[in-house]
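1. Sequence and computational prediction follow.
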Amino acid sequence: MTATTPSAPPREPATMSVRGAAIWAMAGQYLSFAIQFITSVIISRFFLTPSEVGLFSIALAAALLVSVLQDFGLTRYIAGLPSIDDEVLARCSSVALLFSFVVAGLIAAAAWPMAHTYAQPALAPMLLIIAASYLFVPLAVVPLALMSRTMSFRGHFTVNVGGAIAQGSVALLLAAMGFSAFALAWATFASGFARGIIAQTLRPALPWPLRFDGLRPILSVGSRLTGLYTAYGLCARTPDMIVGKILGLLAVGLYSRAASLSDQFRMLISGAIGSVFYPAFARIRDRGEPLGPAYLRVVAGYTAIIWPGMAGLALAALPVVNLLYGAKWLAVAPLLATISLTEIFLVALPLSTDLGVLMGRINSLLALYLVETILSLTLLTVGCQWGVEGAAASRVVYGLTCVLLYARFVHGLVGFNVRALLAIYAKSAAASLAALAPLALTYLLWAGPAQISFPLLLATVGLGVALWAIAMVALRHPALDDLLGLLGHLPGARRLQSLLRALTSG
């Protein structure tokens, strides 16, 4: 046997700046959102009924409940390593492959029991298709984690957009061919396949040859994080299943469409940025600097953007639903208005999970997750006694309890200044009211939600954005500098950035 020399650690590319990473992350999020959103509008308006969407929502919720095992903490584990070599990559890729079979097997095993529980035979083959899609997930898990480690979010952009294009194309084609809800299941399969192939092309990390030695550090981190992910999955994925079981397919179709639209809109505004903050906070921690000031900047950014966005969506729910989905979906509007307001509470203390993991407080985080899950499912079950409107209303109460539940925990992690936090809330709330004023006055003095035309709605939104910007400058909002910094990364925006900085400094 010939002797071999240890392989040198693979050279990692230079890390991207936080703002540069945020630009690529947002670009990928926006384009993926646009593709998925347009697809959902076309399918809902022309091809599928609320009951058909409800059937797929139950299948997807059941699959996602199990899929929390898929990552097994690999993204966080890889991001936290001081260095990485080929042997570590082989072990991580092998774990990803192993858990893809576990996830696919569990989803497949649940197919027939789910079909029997809901008295919907179509659920079984639909779940089998979704289960098969998870066999491709390990091809993307480790490459994306490696890209996150170096904040190479240009690669994330390519993977996410490529997956969205595959998903949207297959969904539209099969829905037009009459595949009903199965069009959405096959689209999920297509997305998983495309993401895996693209990720391996950009950053090869094939799980071969398999390495199952020396897995103790990976399994130690993964087993603890899996508890968090399982609790999160129960809290985030079971509402569709509960509403579907108690209230039926039509109700869950309406509820899931409202929840999905609210979640998509929130992700459009800021969802991608969250993936940038974890490695950014890891850098601050490693330098021994306090996390509190940086955390307040994050809170300022989230509340300054998401609060007016979600409040505006709630106020414009009826015309938005009517414009996008048509008359058969109008019952979604009051649910969307209610659920959108929940997001205001859920972003008041962002990154609680990421910071808890980063600071090694996984056990405390798990205990909080368990309490949160019990509260969420209990409130939803009780709310369903008043129909689908009650189910939506329970989400607002749930959001408020989350703020109360996590406030002390997050403060203990980063030590933010409470008075400064409340000042940020006040300024974000004032800017949000300025943004809502044009639409609210239009409803009151001119045309109500059922009568407002699209051009008038668009004009009031544009005026609201202008008033929001004026309020941000007048209030000297803490997020203003970061927002102007992001603006400077956009093509051709340097001159506008300089002008705005001159105005804010005056």
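-> Great, that's in hand.
2. Determine how far the last residue of stretch 412-422 lies from the first.
-> 17 Å (CA to CA, to the nearest Å).
3. Distance from that stretch to the middle of the chain?
-> 25 Å (CA atoms, centre = their mean, to the nearest Å).
4. Would you indicate which residues of that stretch are buried?
-> Buried positions in stretch 412-422, judged by neighbour count with 16 or more other CB atoms under 10 Å: 413-414, 416, 421. All C-beta spots, glycine's among them, are computed from the backbone N, C-alpha and C.
5. Going by distance to L346, which of the residues you listed wins?
-> Using CB to CB, L421 comes nearest to L346 of these, at 15.9 Å.
6. Figure out the helix or strand that that closest one lives in.
-> helix 418-445 (DSSP states H and E).
7. Could I get the buried residues of stretch 412-422 in a markdown table, plus columns for distance to R257 and pLDDT?
-> Below are those laid out as a markdown table (distance: CB to CB, whole Å; pLDDT from 0 to 100):
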| residue | distance to R257 | pLDDT |
| --- | --- | --- |
| L413 | 36 | 88 |
| V414 | 36 | 87 |
| F416 | 36 | 87 |
| L421 | 34 | 94 |
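8. Out of these, which sit inside helices?
-> 413-414, 421 (DSSP state H).
9. still on that earlier bit, turn the buried residues of stretch 412-422 into a markdown table, columns for distance to G168.
-> Formatted as a markdown table, those follow (distance: CB to CB, whole Å):
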| residue | distance to G168 |
| --- | --- |
| L413 | 39 |
| V414 | 39 |
| F416 | 40 |
| L421 | 40 |
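10. ok, these vs G387, which is closest?
-> Nearest to G387 among the buried residues of stretch 412-422, with distances taken as CB to CB, is L421, at 36.9 Å.
11. got a list of what the closest one touches?
-> When contacts are counted by CB atoms under 8 Å, 6 or more residues apart in numbering, L421 touches 296, 299.
12. again, only using 10 Å
-> 292, 295-296, 299-300, 303, 348-349, 407, 410-411 (CB atoms under 10 Å, 6 or more residues apart in numbering).
13. cool, L174 as well?
-> 43, 47, 180, 182-187, 190 are the contacts of L174 under CB under 10 Å, 6+ apart.
14. my read: R257 touches R45, true?
-> No. When contacts are counted by CB atoms under 10 Å, R257 is not listed as touching R45 (11.5 Å).
15. lowest average confidence, helix or strand, in this structure?
-> helix 494-505 (a mean of 54; mean pLDDT, DSSP states H and E).
16. that older thread, turn the contacts of L174 into a markdown table, including distance to T238.
-> Output for the contacts of L174, formatted as a markdown table (distance: CB to CB, whole Å):
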| residue | distance to T238 |
| --- | --- |
| I43 | 24 |
| F47 | 27 |
| S180 | 24 |
| F182 | 23 |
| A183 | 24 |
| L184 | 19 |
| A185 | 19 |
| W186 | 24 |
| A187 | 23 |
| A190 | 26 |
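17. Just give me the least confident of the contacts of L421.
-> Ranked by pLDDT, the contacts of L421 bottom out at G292, which has 84.
18. mind checking the SS state of I452?
-> Assigned with DSSP: H, G, I helix; E, B strand; the rest coil, I452 falls in the coil class.
19. If you could redo that for L139, that was the one I meant.
-> Counting by three-state DSSP, the backbone at L139 sits in helix.
20. with the buried residues of stretch 412-422 in mind, which one is nearest to E389?
-> Using CB to CB, L421 comes nearest to E389 of the buried residues of stretch 412-422, at 32.9 Å.
21. re the thing from before, filter the contacts of L174 down to the ones in helices?
-> 43, 182-187, 190.
22. Pick out whichever of the residues you listed sits closest to N322.
-> Ranked by distance to N322 (CB to CB), these are led by I43 at 17.2 Å.
23. out of everything not next to it in sequence, what's closest to the closest one?
-> A175 (5.0 Å; CB to CB, 6 or more residues apart in numbering).
24. check contacts around that neighbour.
-> With CB under 10 Å, 6+ apart, A175 has these contacts: 39, 42-44, 46-48, 52, 181-184, 186-187.
25. Those into TSV, with extra columns for distance to G162 and pLDDT?
-> What follows is the contacts of A175, written out as TSV (distance: CB to CB, whole Å; pLDDT from 0 to 100):
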residue	distance to G162	pLDDT
T39	15	89
I42	20	90
I43	20	88
S44	24	83
F46	25	85
F47	24	88
L48	24	85
E52	27	87
A181	24	86
F182	23	92
A183	19	92
L184	19	91
W186	17	93
A187	14	92
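26. where does the stretch 251-400 of the chain dip in pLDDT?
-> Along the stretch 251-400 of the chain, segments meeting pLDDT under 70 span 268-280, 282-283, 286.
27. That one: helices as residue ranges?
-> 273-286, 292-315, 317-325, 332-346, 352-358, 362-383, 387-414 (DSSP state H, counting those that start in this stretch).
28. now do the stretch 1-150 of the chain
-> Using DSSP H, counting those that start in this stretch, helices in the stretch 1-150 of the chain cover 18-46, 50-67, 74-80, 86-117, 123-133, 138-149.
29. In terms of mean pLDDT, which of the ones you listed ranks lowest?
-> Across these, helix 74-80 gives the lowest mean pLDDT, at a mean of 66.
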